[in-house]
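[1] Okay, sequence plus prediction incoming.
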Amino acid sequence: MNCPVCDESRFVRLIAVPGGVVMRCQGCGCAALDASPTQPDSESPADASSRVPPRYLHALKSRGFRGGSLLDLSTASASPAPADYDAAILLHQLQRLIAPGELLRTAHAALRPGAPLLLTVPCKTEWTGDRWLFDKTTIQWLLLRHGFHEILVRKLGASGMLVTAVRGELQKRPKCSIIVAAFNENRTFPVLMDTLLKKELSGVDREIIVIESNSTDGTRELAMKYLGHPEIKLVLQDRPRGKGHAIREGFRQATGDILLIQDADLEYDLDDYDALLAPILSHRALFVLGTRHGGHWKIREFAKQKVLSAGLNLGHAFFTGLINVLFRQNMTDPFTMFKVFHRDCLFGLEFHCNRFDFDHELVIKLVQKGYRPLEIAVNYRSRSFREGKKVRLFRDPLTWIWVDLKLRFTRVLPKDLW
């Protein structure tokens, strides 16, 4: 059998249960029962508005359903008319199907553009009739692969998930938006851009979005040379407002399915792009961090400033531990520049931080929304303050502590989405 999430055919045996053997996909980790459960009974498609529990109707309305035809996919055997329905539901059935992707393709064809879909699936199972066990990541990938986006997953009781999404367009080939924030980097910026333009990415199209924040050292003039380049979108800000503000502008300009953050310095190795993108392109992860540790906690070593580098390493360990404790994580490097994720992860989130506190805000809000990052080791050579590092040692750490503590007690998604 092939996994419906990532198409992987390799499974590892976990445990025997009555009626079959539970297997785990070696690609995305989706659990499956190696048997053929009975498909649910079905009938012709019909409007389901009168049979849907009020809580599910409320969830559909929060995603844009304002009345009209509602398709109950669990009772549809005949193919519904294309683009004929204003919403669709599938309650407690997707995990039972041998090929759940086929039903999602049917739903995508039947729904009008922008129409919502609501699913309920278990996050625990006794394998009594179930074929698949999805988690937050695998159910989202399954929907993304079949043309749905703006996906939200919430708990449904103690052992279920309520999933809503809207019908989008199927993408033939993924695109990666590489967001470059540039301010006063006249020495490294042209080297970075030349290397970036020569870098080939396998299996994905790309766009490069450069946010230049009115530098005073000639970086803006260097950036202007790329104006009109077919692969580069140049955004010229009227004044510097911080790295976080520039990245947020990059998010607004991006059109890719995958977002990758790239600084304008040369601390990171662009050859790590392939390893960072691979889990997303193979549908194994939605959120990837490039950890700089490489097996050693000292990620910064300045030859002539050993006391400073030791202080920065200790500070990194403190703030990493703080975030892990506050948000129940086990990350090694949440502040890495290399943050790579599917753009759908940002749906419903708003960002406000302008400086380096944005690194904290972005990771924390993605974690609070339910995404557990996959960390992949990357190459890193830290530059010193003499070489242009812009962190302010006596001000920025205070903003980091404030953001960490504030977000611990803040709702990340607006109430009207639920």
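    Cool, the structure landed. Numbering: from 1, shown residues only.

[2] List the residues that contact residue 352.
    residue 361 (Cβ atoms under 8 Å, 6 or more residues apart in numbering). All C-beta atoms are positioned from the backbone trio N, CA, C, and that covers glycine.

[3] Got the phi and psi for it?
    Dihedral angles of residue 352 (phi, psi; degrees, to the nearest 10) stand at phi -130, psi -20.

[4] Now do the helices in the stretch 51-200 of the chain.
    Assigned helices in the stretch 51-200 of the chain, in chain order: 54-62, 100-110, 136-145, 189-198 (criterion: DSSP state H, counting those that start in this stretch).

[5] Indicate which one of these is closest to residue 404.
    Of all the helices of the stretch 51-200 of the chain, helix 136-145 sits nearest to residue 404, with 23.1 Å by Cβ to Cβ.

[6] so which strand or helix has the residue nearest to residue 212 when sequence neighbours are not counted?
    Distances taken as Cβ to Cβ, 6 or more residues apart in numbering place residue 223 nearest to residue 212, at 4.3 Å, with adjacent residues excluded. Per DSSP states H and E: residue 223 is located in helix 219-224.

[7] mind listing what the following helix or strand past that helix pairs with, with the direction of each?
    Heading C-terminal from helix 219-224, the first helix or strand you meet, by DSSP H and E, is strand 232-236. Partner strands and pairing direction for strand 232-236 (DSSP bridges) are strand 205-212 (parallel).

[8] next helix or strand past the longest helix along the chain?
    The single longest helix within the chain, with elements called by DSSP state H, is helix 306-327. Counting by DSSP H and E, the element after helix 306-327 in chain order, helix or strand, is strand 339-342.

[9] Can I get that next one in PDB? Just the C-alpha atoms.
    Taking Å, rounded to 0.1, in the frame of the first residue of the first chain, the C-alpha atoms of strand 339-342 are listed here in PDB:
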ATOM      1  CA  LYS A 339      13.100  29.000   9.400                       C
ATOM      2  CA  VAL A 340      11.300  27.100   6.600                       C
ATOM      3  CA  PHE A 341       7.600  26.400   6.500                       C
ATOM      4  CA  HIS A 342       4.600  26.000   4.400                       C
END
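
[10] Can you give the strand pairings for that strand, parallel or anti for each?
    When sheet partners are counted by DSSP bridges, strand 339-342 sits next to strand 258-263 (antiparallel), strand 287-291 (antiparallel).

[11] low-confidence ranges in the stretch 51-200 of the chain?
    51, 76-78 (pLDDT under 70).

[12] mind listing the strands for it?
    Secondary structure of the stretch 51-200 of the chain (DSSP state E, counting those that start in this stretch): strands at 70-72, 87-91, 116-122, 132-133, 148-156, 160-167, 175-182.

[13] so where does the spatially closest residue to residue 179 that is not a sequence neighbour fall, helix or strand?
    Closest residue to residue 179 apart from its sequence neighbours, by Cβ to Cβ, 6+ apart: residue 250 at 3.4 Å. Secondary structure from DSSP H and E places residue 250 in helix 243-253.

[14] Residue 279 now?
    Assigned by DSSP H and E, residue 279 falls within helix 273-281.

[15] Contacts for that helix, please.
    174, 176, 199, 201-204, 258, 260, 285-286, 288, 290, 338, 340-342, 374, 376, 378.

[16] Make sure residue 370 is actually in contact with residue 140.
    No - contact criterion Cβ atoms under 8 Å: residue 370 and residue 140 do not qualify, at 9.1 Å.

[17] For those two, indicate the residue with more neighbours.
    residue 140 (26 against 20; other Cβ atoms under 10 Å).

[18] Look up how far residue 13 lies from that one.
    Applying Cβ to Cβ, to the nearest Å, the value for residue 140 to residue 13 is 26 Å.

[19] got it, and residue 288?
    Residue 288 is 28 Å from residue 13, where distance means Cβ to Cβ.

[20] Ok, residue 354 next?
    Counting by Cβ to Cβ, the separation of residue 354 from residue 13 is 51 Å.

[21] Between these two, which has more neighbouring residues?
    Using other Cβ under 10 Å as the criterion, residue 354 and residue 13 rank with residue 354 on top: 18 against 10.

[22] which stretches of the stretch 251-400 of the chain aren't confidently modelled?
    Across the stretch 251-400 of the chain (using pLDDT under 70), the flagged ranges come out as 294-309, 383-391, 393-394.

[23] right, and the strands of the stretch 51-200 of the chain - which one's nearest residue 25?
    Nearest to residue 25, of all the strands of the stretch 51-200 of the chain, is strand 132-133, at 9.5 Å by Cβ to Cβ.
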